[in-house]
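Novice: Mind folding the following:
(one chain, ligands or ions: 1)
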Amino acid sequence: MIGEPAGRTRVKRLPEKARYDRATVDAIFDEALICHVGFVQDGAPFVIPTIHARVGDTLYFHGSPASRMLRLMKDGAQVAVTATLLDGIVAARSVFHHSMHYRSAMVMGFARIVDTPEERAIALKAITEAVLPGRWAEARHPSPNEEKGTLLTAVQIEEFSAKVSERDVGDEPDDYALPIWAGVIPLRLVSGTPEPDERNLDGVVAPPSVLRFVRETRDTRREI
Ligand SMILES: Cc1cc2nc3c(=O)[nH]c(=O)nc-3n(C[C@H](O)[C@H](O)[C@H](O)COP(=O)(O)OP(=O)(O)OC[C@H]3O[C@@H](n4cnc5c(N)ncnc54)[C@H](O)[C@@H]3O)c2cc1C
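Specialist: Numbering: from 1, shown residues only. Now for the predicted structure:
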């Protein structure tokens, strides 16, 4: 656990929700399936949703060499990367006190290209595994042409913050006398039944990576 940072990663609003420890930041990036990368080009801001993977102190990104985001990152652009996990909707008695349960993390820094064969291999595998753990061992690996068509970039996790909101309903004292329902609607990522591709070969069944993902995120919803 590190102390409150003095610089641009210090949360100002509701600072009691701020977290400045790497374990919290890492856990949020690891659980999030996507993140958003913000950058400025020619004075205009862009925020791009994209897949990421964390390996130690590094966040990796991949995509087409034609991507504006990746081209700028390759040339060392300054970026802010955020990941957000939505855990619930807090419905209060007053409109003012509605809020959300969430865990969000931000990393700021300069991006770089990933160009050595060793680090490219680490990044490609990590990005595949970040989305569907176990899939790297099941699927065909990139051909030389696919390798050439994939730009890889990285951002070091050096300047970071997180914010965790888990407070339940907090209404004004007088409002507890109102006949208005208040409470929390929990939210989470849920997977449905996998839909096999129609060109799957006979006898080819859903592999462990798919079964595990579905088992861990399946819909166990109860009617209200
Ligand atoms: C799902 C969700 C919904 C939200 N809805 C609202 C809303 O409706 N209105 C609203 O004002 N705010 C909302 N927030 C909070 C919002 O993200 C900011 O925290 C808020 O705007 C206060 O920022 P600030 O002025 O304190 O800090 P800023 O000056 O904007 O940021 C300073 C530094 O604090 C850190 N930081 C700020 N916010 C976060 C964060 N969420 N996660 C990680 N690090 C952060 C960053 O390092 C940033 O550089 C929401 C957050 C989430 C995750």
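Novice: Which residue is the nearest non-sequential neighbour of the residue nearest to the spatial centre of the chain?
Specialist: In the chain, the residue lying closest to the centroid (Cα atoms, centre = their mean) is A32, at 3.0 Å. Residue nearest to A32 in three dimensions, not counting chain neighbours: A83, with 3.7 Å by Cβ to Cβ, 6 or more residues apart in numbering. Where C-beta positions appear, they are placed from N, C-alpha and C, glycine not excepted.
Novice: partners of the one you found in the sheet?
Specialist: Bridge pairing for A83 (DSSP bridges) gives the partners A105.
Novice: burial of it, as a residue count?
Specialist: For A83, the count of nearby residues is 23 (other Cβ atoms under 10 Å).
Novice: With the one 3 residues further on instead?
Specialist: For L86, the tally of surrounding residues (other Cβ under 10 Å) stands at 13.
Novice: Only C-alpha atoms, please: export the helix or strand harbouring it in PDB.
Specialist: Per DSSP states H and E, L86 falls inside strand 78-91. C-alpha atoms of strand 78-91 as PDB (Å, rounded to 0.1, in the frame of the first residue of the first chain):
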ATOM      1  CA  GLN A  78       0.900  10.100 -23.800                       C
ATOM      2  CA  VAL A  79      -2.100   8.100 -22.800                       C
ATOM      3  CA  ALA A  80      -4.600   7.600 -19.900                       C
ATOM      4  CA  VAL A  81      -6.000   4.000 -19.700                       C
ATOM      5  CA  THR A  82      -9.100   3.200 -17.600                       C
ATOM      6  CA  ALA A  83     -10.800   0.000 -16.800                       C
ATOM      7  CA  THR A  84     -14.200  -0.100 -15.000                       C
ATOM      8  CA  LEU A  85     -16.200  -2.900 -13.400                       C
ATOM      9  CA  LEU A  86     -19.800  -2.100 -12.700                       C
ATOM     10  CA  ASP A  87     -21.000  -3.900  -9.600                       C
ATOM     11  CA  GLY A  88     -24.400  -2.400  -8.900                       C
ATOM     12  CA  ILE A  89     -27.000   0.400  -9.200                       C
ATOM     13  CA  VAL A  90     -27.800   2.200  -5.900                       C
ATOM     14  CA  ALA A  91     -31.400   3.400  -6.000                       C
END
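Novice: quick one: it near the ligand?
Specialist: Yes - for strand 78-91, a contact with the ligand is found by Cβ under 6 Å from any ligand atom, at T84, L86.
Novice: buried ones in that strand?
Specialist: V79, A80, V81, T82, A83, T84, L85, G88, V90, A91 (16 or more other Cβ atoms under 10 Å).
Novice: Quick check: the fourth one touching I34?
Specialist: Going back to what we said before, that points to T82. No - at 10.3 Å, T82 does not count as touching I34 under the criterion of Cβ atoms under 8 Å.
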